[in-house]
Every structure is written in C-alpha cells, then in structure tokens.
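Give the three-dimensional model of this entry:
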Amino acid sequence: MKIYNTLSKKKEEFVPIEEGKVRMYVCGPTVYNLIHIGNARPMIVFDTFRRYLEYKGYEVNYVSNFTDVDDKIIKKAIEENTTAEEISQRYIKECKKDMQGMNIKPATTHPLATKEIEGMIDMIKKLVDNGYAYDTDGTVYFRTRKFKDYGKLSKKNVDDLEAGHRDIKVAGEESKEDPLDFVLWKPKKEGEPSWSSPWSDGRPGWHIECSVMSKKYLGDEIDIHAGGEDLIFPHHENEIAQSEAANGCQFAKYWMHNAFLNIDNKKMSKSLGNFFTVRDIAEKYDLQVLRFFMLSAHYRSPLNFSDQLMESAKSGLERIVTAGEKLRDVMKNGKDGAMTEAERKLAEDAQEYIKKFEDAMDDDCNTANAISAVFEFVKFANSNVKETASKTFAEELYKIMAQLCDILGIILEKKDVNVGDEAYIEEMIAKRAQAKKDKDFALADSIRDELAQKGIVLKDTREGTKWSRA
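Numbering: from 1, shown residues only. Coordinates of the predicted model:
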C-alpha cells in the first residue's frame, strides 16, 4: 500500500512503526458553530482510509480532537452572553450528530483541548528549559530559527518567510525576539477562560494543543498525521517544530492532506453567499449522498461542489443501493440449495472486482477508482443474478458488495424505524415552529434532526412546513 507523503512530496510504501498497528491523528474542527462541508471532507476521507486500514487487518488507534478553546468560541460566547464551555459543548454535540449522519465512525479518542492543559504546560516548560522557547511578560514564544528543519513540511524557506513578513508589527508582538516566532502560551484578556501557568494566567496557543494530544494518546512518534491542506502551514509545520524539539525524535512518518472544496468553482465564503453547513445539505439530501460525493474524487484533487454534481452522486448511490435491494430480494425468494456450476464460476469471476477495489485503495486511497470498481461490480451483479438464481449465489455476491460498501461507509440497507402516527409528526412540527418563533434554534434543529433520523424529511415552504418519508 502506497501513501502520498506531503513531507517527501512522493508516494511511499506504507510501513507502520509497530507491525500490525497504526497510530493516526486527524485534526478536528474548532467548535464555535455547525460544521461546514469543507470540514466534512477530511472527516469522510480519513474515516474511509481508517476503515480500509482496518479491513487490511491493522489495529488502528484513531485520534481526532475538538478545539474547544479559541478566539472564535470566546467571541461567540460573548455575543450570546454565555460561557465558552457552553458554546463548545453545544457544537461538539451538534458535530457528532452530523458525523453520525455521514456515517463517520467515532474516533478511538476525541480529546478536548481544555482537558489537556496540564500536558501543554509540561511541554512548554520542556521547550523553555531546552532553549527552544522564551517567556516575555507572560507570553511564551517558540524560537522558530532554533529548530533547524523548520519548513521541511511546507517547503518554505525561513529567510523567504522573513522577507515576506510585514514591516508593521502586529499589536502585542513587539516583545518577540524574531518576527517568525509563534505563540505557545498567551496571557488572558478580560472575560476569557484561563488557566494558571508558571508564566501567566492564560491559555495555550493553537499549535501546541495538537502536539500534546497526539503525544498523550498515540506516543512521541506516530504513523500518520492528516488534515486539510490549509493546515500544512503554519499549523502542521509548527506542530513538527515543537514536537520534535520537545521529544527528540521524528513526530510523524507520513503526512496526508486533502485538497480544498470549491462551490460552483469558487472558494466557499460567507461573503459570497456560498457557505453551506452539513445541516444545510441534510435539508435537501440524505447525508449518504454527501459522503458518496466526497469520495467520488481523489482526496488530493480539488473538489467542486454543485447541485448538478450532488444530483449525479445521488443517482450513482441509488444505482448501488438498488442493486443491493435486488440481491436481497433473490436471497429471500431465489432457489434453495447450492450454487450451480455456472454460478460458482461467476462467483469466482466476481473476485476480480475486490482486487480492482483493493488496487485503487492501495494506490494512495484512490476512492474515485474504488467507486468505479463498485460500479463495475454492480453491472456484473445486475447482469448475472436473475430471479431464478440460487439464494446462495445472491448471498455470495451480496457479501462482496456489503464489504466494499462498508469500507466506503455506504449503508446498503437502512433499517426502518417506527416513527409513530401522523398526529405525532404534526405535533413535533408545531413544537419546532414554536421553538423558531421563540428563537430557540437549537431546539428547532434537534426536533428536525430527531425526525430525520426516523426517516421523516421536513421542508419549510411559504405555506408552512411540509413533511415526507425519506
């Protein structure tokens, strides 16, 4: 199996540090709002890669954090006259709902930055003691130039970075020894959450959080560190510098980064009015469609999101799900007994699609080609499994299909949930309408989500809220 390593800028054979085990860290979201579809891409891509590693027999320790202390969280808390903890806990809960909707497996550990402050203080102390960091009036900075390999991930040259640095210093940065030094600890401002440290009552810088959480739950050296390409510099570059300076060994062997997501060929931004949360998409599509769409391109290729492409993904997914239904129907109503000789030969032929799928996934997690292999298999199954086929033959093919779809996180068979009578649905819609009137949007969203999980889709129109069964 080969992985494209951002560190070496080439595909490399994957060899884990410890045989049969994979230690993988994926940078998670900052929880100050509902996650957007840009956040969803790394979640879906690296969840799929994790599933494939497990399929290959690896024991995967998969760690993905929640950044639950940050300027944006604090700003939101001030706007809503509440605490940063209340904001982060609310949106962690909402994020987990969206992840469940996208069929993303929970991480082995989902650490929270605020629960790991002690470890951050310990690592910063070590960096100060080793001469890699210094304290100025309660702010602790990392000495970027002292780490000789700085820039090895992003391929940025330290001298070029300095030349590009603004002449006007950022307010509060006059005390830096070097404009390139970055913050490890900063003193609190009025009304901010803070923790006591040897330097000041304050909070950690963003970069130190991931270094410490990775070290605690995976060890000093890890196999794979992953995230969006926007994190390569400065976040991941700074993680390498502080981790390797503190631990005295290589931080991560392989670095995987997914490319950006564009909306109708434009960068997603609120100012352009093309900003979509996962929850926005869920109002129009089953989130399985979003997952399928995200996997339809190679993770290192920029991906363009549009209604047309989502409709295409919806049709493609329906082809696969319908083929699964057809196989299940033959499993139930087909002929009893063993496979015929012809069926046995066809079952053997079907193995080639597993190989095609594995070859695609072994080539730097090429989910686009893996999906092509699934479509080829669907065509094969549709052509060869007739109503008169044996149950055993249908079962054999369904087993292959279910296995491949499970790696991609595609749910072939949705379980029916009893949602109660229509009066109950109307009552819940009325409750949601009242919640929206009261500006209790969290309650309104949770009612919609609860109904969606039970297969009831709501659509807000000028005439009121309409509902249908998914």
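
which residue lies farthest from the center of this structure?
Taking Cα atoms, centre = their mean, the residue of the chain most remote from its mean C-alpha position is residue 341, at 45.2 Å.

What segments of the stretch 1-150 of the chain are helices?
Applying DSSP state H, counting those that start in this stretch to the stretch 1-150 of the chain gives helices spanning 37-55, 71-79, 84-101, 117-129.

Would you double-check that residue 191 falls in a strand?
No: under the criterion used here (DSSP: H, G, I helix; E, B strand; the rest coil), residue 191 is coil, not part of a strand.

looking at the protein, which helix or strand is least sure?
One helix or strand of the chain scores below all others by mean pLDDT, DSSP states H and E: helix 158-163, with a mean of 79.

any idea how far that one is from the chain center?
A distance of 32 Å separates the centroid of the chain from that of helix 158-163, by Cα atoms, centre = their mean, to the nearest Å.

Then stretch 304-323?
21 Å.

picking that back up, what sits against the residue farthest from the centre of the chain?
Residue 341 makes no contacts at all, as judged by Cβ atoms under 8 Å, 6 or more residues apart in numbering. For every residue, glycine as well, the C-beta is placed using N, CA and C.

average model confidence for the host helix or strand of residue 316?
Assigned by DSSP states H and E, residue 316 belongs to helix 307-333. Mean per-residue pLDDT for helix 307-333: 96.

and that helix, which residues are buried?
Applying a neighbour-count criterion of 16 or more other Cβ atoms under 10 Å, the buried positions in helix 307-333 are 310, 313-314, 316-317, 320-321, 323-324, 326-327, 330-331.

quick one: the helices in the stretch 201-350 of the chain?
Counting by DSSP H, counting those that start in this stretch, the helices of the stretch 201-350 of the chain are 206-218, 237-247, 278-282, 287-295, 307-333, 341-349.

Make JSON lines from the ones you listed and add distance to residue 403 to it.
Output for those, formatted as JSON lines (distance: least, Cβ to Cβ, whole Å):
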{"stretch": "helix 206-218", "distance to residue 403": "28"}
{"stretch": "helix 237-247", "distance to residue 403": "35"}
{"stretch": "helix 278-282", "distance to residue 403": "27"}
{"stretch": "helix 287-295", "distance to residue 403": "16"}
{"stretch": "helix 307-333", "distance to residue 403": "12"}
{"stretch": "helix 341-349", "distance to residue 403": "14"}
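
Which residue is the nearest non-sequential neighbour of residue 276?
Distance criterion Cβ to Cβ, 6 or more residues apart in numbering; nearest residue to residue 276, sequence neighbours excluded, is residue 37 at 5.2 Å.

For that neighbour, grab the count of nearby residues.
By the measure other Cβ atoms under 10 Å, the count of residues near residue 37 is 21.

was I right about residue 374 contacting residue 323?
No: in this structure, residue 374 is not within contact of residue 323 by Cβ atoms under 8 Å, at 9.4 Å.

which neighbours do those two share?
Shared contacts of residue 374 and residue 323, defined by Cβ under 8 Å, 6+ apart, are found at residue 401.

Give me the nearest residue to residue 94, chain neighbours excluded.
residue 34 (5.7 Å).

just to revisit the earlier point, any idea which of the helices of the stretch 201-350 of the chain gets closest to residue 408?
Closest to residue 408 of the helices of the stretch 201-350 of the chain, according to Cβ to Cβ: helix 287-295, at 5.9 Å.

pLDDT of the closest one, averaged?
Average pLDDT, helix 287-295: 98.

what does stretch 230-245 give?
What stretch 230-245 shows for mean pLDDT is 98.

What's the per-residue pLDDT of the spatially closest residue to residue 364 that is not a sequence neighbour here?
Counting by Cβ to Cβ, 6+ apart, residue 4 is the residue found nearest to residue 364 once chain neighbours are left out, at 4.7 Å. Listed pLDDT for residue 4 reads 98.

Check residue 422 too.
Residue 422 carries a pLDDT score of 76 in this model.

What number of residues are in the vicinity of it?
A total of 9 residues lie near residue 422 under the criterion other Cβ under 10 Å.

mind checking how far it is from residue 429?
Applying Cβ to Cβ, to the nearest Å, the value for residue 422 to residue 429 is 10 Å.

picking that back up, the inter-axis angle of the following helix or strand past the least confident helix or strand of the chain versus helix 206-218?
As assigned by DSSP H and E, the chain's next helix or strand after helix 158-163 is strand 182-187. Using axes from the mean of the first three to the mean of the last three Cα atoms, to 10 degrees, one finds that strand 182-187 and helix 206-218 are set 100 degrees apart in direction.

Kindly point out the strands partnered with strand 182-187 and how each is oriented relative to it.
The partner list of strand 182-187 in its sheet, established with DSSP bridges, is strand 139-142 (antiparallel), strand 202-204 (antiparallel).

I'd like to know which of those is closest to residue 183.
Each of those has some distance to residue 183 by Cβ to Cβ; the shortest is strand 139-142, at 6.1 Å.

What mean pLDDT does the closest one get?
Averaged over strand 139-142, pLDDT sits at 98.

For that strand, C-alpha coordinates in PDB please.
In PDB, the C-alpha atoms belonging to strand 139-142 read as follows (Å, rounded to 0.1, in the frame of the first residue of the first chain):
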ATOM      1  CA  THR A 139       3.600  35.300  26.700                       C
ATOM      2  CA  VAL A 140       5.700  32.300  25.700                       C
ATOM      3  CA  TYR A 141       7.100  32.100  22.100                       C
ATOM      4  CA  PHE A 142       8.800  29.300  20.200                       C
END
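
How far away from the center of its chain is that strand?
How far strand 139-142 lies from its chain's middle: 30 Å, per Cα atoms, centre = their mean.

buried ones in that strand?
In strand 139-142, residues buried by neighbour count (16+ other Cβ under 10 Å) are 139, 140, 141, 142.

what's next to it, contact-wise?
For strand 139-142, the surrounding residues in contact (Cβ under 8 Å, 6+ apart) are 124, 127-128, 132-134, 172, 175-177, 181-187, 199-200, 202, 238, 241-242, 245.

One more: stretch 387-395?
327-328, 330-340, 343, 346-347, 385.
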